[in-house]
Structure formats: structure tokens, C-alpha cells
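# sequence-free structure coming up:
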């Protein structure tokens, strides 16, 4: 059971990594093109980050994986406390992405630089967060959770329908942007 749940969590991480790379790609293109960029793609990427990892993935981690691990051992408490703090901080970082994108899109002086800086802060936070989950949390969970615990985690994460999953394994950034944009458009 742990294999299914962990595979799903890692696939969701992979999707988020692909979207973050897409976000960085669009920002780098804007830098190269004197600030011209595809704002619809940027809005869609940030919408995906807000709607999927922030509203679905992280809450399920806390409700199912983190809670079960806290029940089974105190050994993970410091890591879990830090990961929960990181979840709270990423909420603020995503809000900052929305704000800075709006400033950039409205032509504010220094808008691209401020947005780029917000993207860099978000990206760094995500890399650190996912690394801690993959290198520290998941090994602890493998050690302490029961098959019944893993079944509940797998069921909860199995309900997620990640719109970036189908393209996250491909290197085609244009396809990723199209898929995420379609997802964002369908939600409005």
C-alpha cells in the first residue's frame, strides 16, 4: 500500500516541479523579450499552484499523512511542524505571486523584477519543501505507518485529479502551458 500512496505523492510533486519550471521559463522569456510575455499563461500557472497543490495536495498531506505519522511516532514531530509552517508560508508566497503578477501586468515600474523575485522566492521554498518531504518525511512514514494507514493515504490522494499529470512527464513546456491554461479556464 505504501508504494501506491508514495507514487501518487511523488507524481504530484513532479507535476508541481514541471509547473514551477514552466513559471520560471515564462519569466526568463519575459526578461529576454523586454518584459513582453504571455500573461494568460502566467495567470494559469499561478492559478494551478493555488488551486491544486495549495488547496488539494497540502491539505491532504496534513490531514492524512502528517496526522497518521503523528499518531504513530513522536520522532517526526519536528519535521512535521516545519513542513506545516512551510505550508503556511507558501500560502503567503502564492498570494505574493498574484500581487506581483498584477503589478507586472499593469505596467508598474519594476514590475517584472518584483514578479521575478517573487517567483524566485516561491521556487526556492518549493524545492526545499519537496526535498524535505521526499528525503526525510517519506522515509519516516515508510518506517512507521501501517498498511491500513497507507490505504487511507492512498485513497485520499487517489481522489486528486491533477490536471498537470498527463504532461508533467514530458519536457514540452508549450504543452504544459496549454494544459494548465485549459484547466484554469475551465474553473472560471
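Noted; the coordinates are in hand. These numbers come from a predicted model, not from an experiment.
# which stretches of this protein form strands?
For the chain, strands defined by DSSP state E do not occur.
# got the contact list for the residue of it positioned farthest from its centre?
Relative to the centre of the chain, the most outlying C-alpha is that of residue 109, 28.8 Å out, by CA atoms, centre = their mean. Contacts for residue 109 (CB atoms under 8 Å, 6 or more residues apart in numbering) come out as none. No exception for glycine: its C-beta is placed from N, CA and C like everyone else's.
# so it versus residue 35, what's the distance?
Remark: distance between residue 109 and residue 35 (CB to CB, to the nearest Å) = 11 Å.
# again, but for residue 20
In terms of CB to CB, residue 20 sits 21 Å off from residue 35.
# and residue 93, by the same measure?
Distance of residue 93 to residue 35, given as CB to CB: 22 Å.
# and the residue lying closest to residue 103 once chain neighbours are set aside, how far from residue 67?
Sequence neighbours aside, residue 111 is the residue nearest to residue 103 in space, at 4.7 Å (criterion: CB to CB, 6 or more residues apart in numbering). Per CB to CB, residue 111 is found 41 Å from residue 67.
# which of those two has more neighbours?
Ranked by neighbour count (other CB atoms under 10 Å), residue 111 and residue 67 place residue 111 first, with 18 against 15.
# residues in contact with the more buried one?
With contact taken as CB under 8 Å, 6+ apart, residue 111 is in contact with 35, 100, 103, 104, 105.
# between residue 93 and residue 35, point out the one with more neighbours.
Per other CB under 10 Å, whichever of residue 93 and residue 35 has more neighbours is residue 93, with 20 against 13.
# how many residues are close by the residue nearest to that one when sequence neighbours are not counted?
Distances taken as CB to CB, 6+ apart place residue 122 nearest to residue 93, at 4.5 Å, with adjacent residues excluded. By other CB under 10 Å, the residues close to residue 122 number 23.
# ok, residue 122 to residue 154 distance?
Distance, residue 122 to residue 154, using CB to CB: 29 Å.
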